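*Asks:* Build me a model:
(chains A and B)
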Amino acid sequence: MSRSNEAVGRVFPAVGYAVGREKIREYANAVGERNPLHTDLDAARAAGHDDLVAPPMFAVVYTSPAIGPAMLDPGVGIDFARMVHGAQEFSWGPLVVAGDEIATVVEVADIRERGGMGFYVFESRSDNQRGERVSTGTWTCIVRGD
Amino acid sequence: MEAGEQLPDLKVTPDRYLTVRYAGASGDFNPIHIDDEFARSVGLPGRILHGLWTMAQVARAQTEAAGGPERLKRLSVQFRGMGVPEEEVVVTSTVREVSDGVALIDAEARQGDTRIVRRGEAEVDCS
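*Replies:* Model prediction:
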């Protein structure tokens, strides 16, 4: 089994995501958030936010339209039938609120073989409409060998 | 927060249709999470939890202990084992060290004896 490293360093074009109030509510309910900042507009505004606040892990939602195509790109070459999500890291900057416009670029950070398995590492960098870095993600996909 | 302190456990039991709601909320419609028949056809016991849902529980344990979403600065995890619906998930978190108002916290998530998130490491603003 060989792993192509030619894709390493490739940066995919930025993909935009408009953060919606009801999407934050839907996500917050699905993950069981109990903090009213994520579901109660009055509570969010009383705490000084412009709108509902996205939970930190909502980063998954606004990066999804950028990370998906990168993982599926034939030039990267992941065999999806053999892939598992091995590890994940996020670092967060300013909070994301409903109404924000997030732009995410994804870079192929590393492709390597270890113990007969392929490790594909992607980095996502997401900025809001003010150019502030709201999150950086490191996505590690593991592809089992033949 | 101080070194050695154990944060409150977070306990949550994902119901039978949780993975369907999370698929819709997150956009991850991989059939191993929403289709029992498909999941069994690829050798799984049935539908399994999304790793990123479980990671969100680890994140929630930190933000609830620290007092809000703005407190969580970084979280890294490794996914191991397989989480399944209708079994309690328990997140445990222990403060490893505190310096300059930032706590470094070790966390993991289990279902029974199965660790489904291991080597969780969080940085939380506790200033």
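
*Asks:* And B:Pro85, which helix or strand is it part of?
*Replies:* Per DSSP states H and E: B:Pro85 is located in neither a helix nor a strand.

*Asks:* residue contacts, it?
*Replies:* B:Pro14, B:Asp15, B:Arg16, B:Tyr17, B:Leu18, B:Thr19, B:Arg47, B:Leu49 (CB atoms under 8 Å, 6 or more residues apart in numbering or on different chains). Where you see a C-beta, it was placed from the backbone N, CA and C, and this is true even at glycine.

*Asks:* residue ranges for the strands of chain A, please.
*Replies:* A:11-18, A:83-92, A:101-114, A:117-127, A:133-143 (DSSP state E).

*Asks:* Would you mind saying which of these lies nearest A:Gly75?
*Replies:* strand A:101-114 (8.8 Å; CB to CB).

*Asks:* buried ones in the closest one?
*Replies:* By 16 or more other CB atoms under 10 Å in any protein chain shown, the buried positions in strand A:101-114 come out as A:Ile102, A:Ala103, A:Thr104, A:Val105, A:Val106, A:Glu107, A:Val108, A:Ala109, A:Ile111.

*Asks:* cool, and stretch B:102-117?
*Replies:* B:Val102, B:Ala103, B:Leu104, B:Ile105, B:Ala107, B:Glu108, B:Ala109, B:Arg110, B:Gln111, B:Ile116, B:Val117.

*Asks:* Also stretch B:54-73?
*Replies:* Applying 16+ other CB under 10 Å to stretch B:54-73 flags B:54-66, B:69-73 as buried.

*Asks:* out of those residues, who's near chain A?
*Replies:* B:Met55, B:Ala56, B:Gln57, B:Ala59, B:Arg60, B:Thr63, B:Glu64, B:Pro69, B:Glu70, B:Leu72, B:Lys73 (CB under 8 Å from any CB of the partner chain).

*Asks:* Mind putting these into CSV with secondary structure?
*Replies:* Putting those into CSV (DSSP: H, G, I helix; E, B strand; the rest coil) gives the following:
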residue, secondary structure
B:Met55, helix
B:Ala56, helix
B:Gln57, helix
B:Ala59, helix
B:Arg60, helix
B:Thr63, helix
B:Glu64, helix
B:Pro69, helix
B:Glu70, helix
B:Leu72, strand
B:Lys73, strand
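
*Asks:* Reformat those residues into TSV and put pLDDT next to each item.
*Replies:* Output for those, formatted as TSV (pLDDT from 0 to 100):
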residue	pLDDT
B:Met55	98
B:Ala56	98
B:Gln57	98
B:Ala59	98
B:Arg60	98
B:Thr63	98
B:Glu64	97
B:Pro69	98
B:Glu70	98
B:Leu72	98
B:Lys73	98
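
*Asks:* Next, the angle strand A:117-127 makes with the longest helix seen in chain A.
*Replies:* Selection of the longest helix in chain A by residue count, based on DSSP state H, yields helix A:59-72. If you take axes from the mean of the first three to the mean of the last three CA atoms, to 10 degrees, helix A:59-72 sits at 130 degrees to strand A:117-127.

*Asks:* Close to chain A: what parts of chain B are there?
*Replies:* So far as CB under 8 Å from any CB goes, chain B lies against chain A at B:12, B:18, B:21-22, B:24-28, B:42, B:51-53, B:55-57, B:59-60, B:63-64, B:68-70, B:72-79.
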